[in-house]
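Asks: Need the 3D shape of this:
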Amino acid sequence: MQRYVVRRVGALAVTLFFVSLLVFVVVRVLPGDPALIILGLEANADSVARVRQALGLDQPVSVQYVRWVGQALRGDLGRSIQYDLPVGALTLSRLNVTLPLTLLAASFMIAAAIPLGVFAATRHRRWGGARCSCPRSRWGSSSSRCWRAPPAPRCSRCSGRST
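Replies: Residues are numbered from 1 along each chain as shown. Coordinates of the predicted model:
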């Protein structure tokens with residue numbers, strides 16, 4: 001049992017490392033210089049260099065990654081460029097809306113999943129059992145939300161309109 005737990009924790013650590021590396025690389029390859037975004041396109045080179053130094057963008061990428069991971073582990077997620085507030089505080093301020101919505105969605109999910117699971121288990125290899133529920137669950141988990149949601153025309157990805 002101990003060996004299993006150690007392997008799982010090791011796999012978790014490796015997964016977290018690669019996910020953090022992927023997020024870091026994706027953010028770095030996005031077009032645009034953060035210093036220019038903060039200062040605007042009309043900024044002079046000296047002020048851009050000062051902002052790049054203040055943000056640590058003048059350091060090697062490996063140093064930036066280690067510093068970014070260290071700050072994230074301490075809970076320092078940086079400052080929002082748009083609101084000029086700590087990202088952690090912004091996230092916490094949105095929890096009073098997000099948490100009830102998440103709990104409501106989870107309660108709907110549980111209210112539907114338990115009876116459907118019992119139904120499928122009691123009708124194993126009969127009509128309405130796995131033959132009926134498995135294709136539906138596969139369709140529900142693999143299809144786009146735009147295809148199965150009734151308000152799909154309001155979704156900008158589906159209708160081609162921006163909302």
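
Asks: C-alpha only now, for contacts and for neighbours.
Replies: Fine.

Asks: Which element, helix or strand, includes the one residue sitting closest to the centre of the chain?
Replies: Centroid-nearest residue in the chain: residue 23, 10.0 Å away (criterion: C-alpha atoms, centre = their mean). Here residue 23 sits within helix 2-29, counting by DSSP states H and E.

Asks: So which elements touch that helix?
Replies: For helix 2-29, the packing partners by 3 or more C-alpha pairs under 8 Å, 6 or more residues apart in numbering; DSSP states H and E come out as helix 61-73.

Asks: angle of the helix it packs on against helix 2-29?
Replies: 120 degrees (axes from the mean of the first three to the mean of the last three C-alpha atoms, to 10 degrees).

Asks: and helix 61-73, what's its mean pLDDT?
Replies: The average pLDDT within helix 61-73 is 93.

Asks: Alpha carbons of that helix, as PDB, please.
Replies: Below are the C-alpha coordinates for helix 61-73, written out as PDB (Å, rounded to 0.1, in the frame of the first residue of the first chain):
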ATOM      1  CA  VAL A  61      13.600  32.100 -18.800                       C
ATOM      2  CA  SER A  62      14.700  29.400 -16.400                       C
ATOM      3  CA  VAL A  63      15.100  32.000 -13.600                       C
ATOM      4  CA  GLN A  64      11.700  33.400 -14.500                       C
ATOM      5  CA  TYR A  65      10.100  29.900 -14.300                       C
ATOM      6  CA  VAL A  66      11.600  29.100 -10.900                       C
ATOM      7  CA  ARG A  67      10.600  32.400  -9.500                       C
ATOM      8  CA  TRP A  68       7.000  32.000 -11.000                       C
ATOM      9  CA  VAL A  69       6.600  28.600  -9.500                       C
ATOM     10  CA  GLY A  70       8.000  29.700  -6.100                       C
ATOM     11  CA  GLN A  71       5.600  32.700  -6.000                       C
ATOM     12  CA  ALA A  72       2.600  30.400  -7.000                       C
ATOM     13  CA  LEU A  73       3.500  28.000  -4.200                       C
END
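
Asks: Pull the distance from that helix to the chain's centre.
Replies: 19 Å (C-alpha atoms, centre = their mean, to the nearest Å).

Asks: mind listing the helices for this structure?
Replies: Using DSSP state H, the helices of the chain run over residues 2-29, 34-39, 45-55, 61-73, 87-122, 130-142, 145-148, 156-159.

Asks: Of the ones you listed, flag the one that's most buried.
Replies: helix 34-39 (a mean of 16; mean count of other C-alpha atoms under 10 Å).
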